[in-house]
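[1] Predicted model follows, preceded by the sequence.
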Amino acid sequence: MFISWGIIQSAVELGLIYSMVALALFLSYSMLNVCDLSTDGCYTLGCSVGSMVALTGHPVLALLAAIGSGVCSGFVTAFLQTRMKIESLLAGIIVNTGLYTVNIMILGKATVSLNDAPTVFTWMKKVLAGTPLADFYKLVVALCFVLLTVLLLVLFLRTRLGLSIRATGNNKDMVRSSSLNPTTMITIGLCCSNAITALGGCLIGEYNKTCDINMGTGMVTIALASLIIGETVFGKKTVPWRAVGVVVGAVIYRIVVAVALRLNMPATALKLVSAVIVAVAISYPTVVRTLALQNRRLSTRGVSLYRILQAVFAGLTVLFIVLSVFTSGSRPLMILLALLCAVFLVLMIAADRKERRDAHAGA
Amino acid sequence: MLVLDHVSKTFNPGTVNSKTALDRLSLHVLPGDFITIIGSNGAGKSTLFNAVCGEFYPDSGTVTLAGRDITWLPMHKRAADIGHLFQDPMRGTAPGMTIEENLALASGRGGWFGTISRQDREFFRERLAELDMGLEDRMKQPVGLLSGGQRQALTLLMATVNPPKLLLLDEHTAALDPATAEKVTELTERIVRESNLTCLMVTHNMQAALEMGNRTVMMDAGRIIYDTSGEERAHLTVSDLMDRFRARTGSALDNDRMLLQ
């Protein structure tokens, strides 16, 4: 079978665990309006610290240690950007760079194996042995942690402290005039979000039974991609709804990745794909506005930009389909490009329709 | 209530853009005073407010509020005692959060981990109903959906839900259309009267400057050039004010937003 249940199950497990990092960014990026670029390093930090503790035979203590390390990392990032007035992006990059050395020092080498160490997953395996859930022990662990995180996060954001953090991302002036200190709010927010990131890293380490110094590279982009997929699918409604959307987005992302890998797409291409997803999704509103404006400008000369783009994308779709038939090595890439062009074609047709309808309504 | 003692502030000192915004300014505000402040562009009216609310620390002089020296107190700590409304209605509220969430933050009810209780909602509903804008039925809507006038009225309510020791109004109706501005002005007068607030209001409306409050202060070049109250103020007209300005500064009162009627 092309996609087996096993592939979907491990994709869902991975998606759930990775959604912890996306949830952390939901707190820092969507709520606090800070793009925390120390995520990559913090994720690896959580895994390194957790792995070293797990190797001593305390898998649960490992999770707590990871959370603690995340809080410390978040505090440093927050301290640099609030007290030292370093630009928030730069503060994240600085901490991220520093964490590489910290992680190497914790691990002692580039890769550490947890094959012989007990983890929360092996523990759950023993607990569920013989029950109908025996095959789903990893899923159960991942689900428990994600549900608990979502629940705590949603409840936290409803408290006065949580509201203050949301308001800090919304309007700092208003926070100050409510006699709250935005510096404190950013610090608390980043400590919490980095704690979740590190917990996610630790869980991934226990799940994969390995910790690698480079495992966090590109994590922030992947998590942002999940966040954006979730917001596209679930919309920007209430906070609980959005938090669930983030988890679903991360799972969708992992399923897409599993399918892509099944299509023999090289694993190294995945980072490029997530980078494109994030770039396209964030720039999407601007592109739509610019195209609509240019279309209006050109239509005064009797040229329809949408029509031209429709023709271009239709041609490209056909070209890539033809190429995918005649090439063998890069067939998955061609199919992907053909699909992408087809999506753009549909978007152009929809935009053209909307423009005509609006013009009609205006007249 | 509020005492400013020889407060000075120069922006960009030592450069060609050096600008003395406050020049050894002294002002003694009595409890219950409602002072209207007028002056030409760049007279230092907003700078005066920023010195009081802690946007910056003065170069010299002291600021005392209700007997407490607040000269070096950070802005967010003063905010508990000072309500501040700006011309921009967007500044005082968090657009992505609902009306009740905004009010909950401003009122500061409950502890850090407390949530909005039923009593809180009831209390907010009553207060919102007093605004007479139908906001009490929209408490779950994000503030970003409200009009400028509604946002400014909400900001006014948020600033006064815990009566502050001092209310600063910086042309808070200037960005609103005339009908809404009038409504917000009425609300302001009512809230100030009911809570017996001490209030400073910058306005570009000369008529309102004389009609509202009990005292009028005229500023120019970072100093107070005219301070009137009581009997003298009661008989002043807008043209009297203009004459006094010309007599003291040698030039006409020049404010690009000024309304004479």
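    Looks like it arrived, so ask away.
[2] got the residues of chain B near chain A?
    Applying Cβ under 8 Å from any Cβ of the partner chain, we find that chain B lies next to chain A at B:74-80, B:83-84, B:90-97, B:101-102, B:104-106, B:108, B:110-116, B:158-159. Quick note: C-beta positions are derived from backbone N, CA and C, even for glycine.
[3] if we go to 7 Å?
    By Cβ under 7 Å from any Cβ of the partner chain, the residues of chain B that approach chain A are B:75-77, B:79-80, B:84, B:91-97, B:101, B:104-106, B:108, B:110, B:112-115.
[4] Centroid-nearest residue for chain B?
    Averaging the C-alpha coordinates of chain B gives a centre point, and the residue nearest to it by Cα atoms, centre = their mean is B:Leu169 (1.5 Å).
[5] again, but for chain A
    With distances taken as Cα atoms, centre = their mean, the residue of chain A nearest its centroid is A:Ala223 (1.3 Å).
[6] Need the three-state assignment for the residue nearest to the centre of chain B.
    When classified by DSSP: H, G, I helix; E, B strand; the rest coil, B:Leu169 comes out as strand.
[7] And B:Pro95, by the same measure?
    From three-state DSSP, the assignment for B:Pro95 is coil.
[8] OK, contacts around it?
    Listed by Cβ atoms under 7 Å, 6 or more residues apart in numbering or on different chains, the contact partners of B:Pro95 are A:Asn170, A:Asn171, B:Pro142, B:Val143, B:Gly144.
[9] tell me which parts of the stretch 51-200 of chain A are close to chain B?
    Taking Cβ under 7 Å from any Cβ as the test, the list of the stretch 51-200 of chain A residues beside chain B reads A:158-161, A:163-164, A:166-167, A:170-171, A:173-174, A:176-181.
[10] go again using 10 Å as the cut-off
    Residues of the stretch 51-200 of chain A that fall close to chain B, judged by Cβ under 10 Å from any Cβ of the partner chain: A:155-156, A:158-164, A:166-184, A:188.
[11] Pull out the buried residues from the host helix or strand of A:Leu147.
    Secondary structure assigned from DSSP states H and E places A:Leu147 in helix A:137-158. Along helix A:137-158, these residues count as buried under the neighbour rule (16 or more other Cβ atoms under 10 Å in any protein chain shown): A:137-143, A:145-146, A:149-150, A:153-154, A:157-158.
[12] Packing partners of the lengthiest helix in chain B?
    Once chain B is assigned using DSSP state H, the helix that runs over the most residues is helix B:178-194. Under the contact criterion of 3 or more Cβ pairs under 10 Å, 6 or more residues apart in numbering or on different chains; DSSP states H and E, the helices and strands touching helix B:178-194 comprise strand B:34-39, strand B:82-85, helix B:118-131, helix B:148-160, strand B:166-170, strand B:198-202, helix B:206-211.
[13] Buried residues of the fourth one, list them for me.
    Neighbour counts using 16+ other Cβ under 10 Å place B:148-160 of helix B:148-160 among the buried residues.
[14] Same question for the longest one.
    For helix B:118-131, the neighbour count (16+ other Cβ under 10 Å) marks B:Asp120, B:Arg121, B:Phe124, B:Arg127, B:Leu128, B:Leu131 as buried.
[15] re earlier: angle of the helix or strand that the helix holding A:Leu147 is followed by against helix A:137-158?
    Towards the C-terminus, the helix or strand next in line after helix A:137-158, according to DSSP H and E, is helix A:160-170. Using axes from the mean of the first three to the mean of the last three Cα atoms, to 10 degrees, the direction of helix A:160-170 lies 80 degrees away from that of helix A:137-158.
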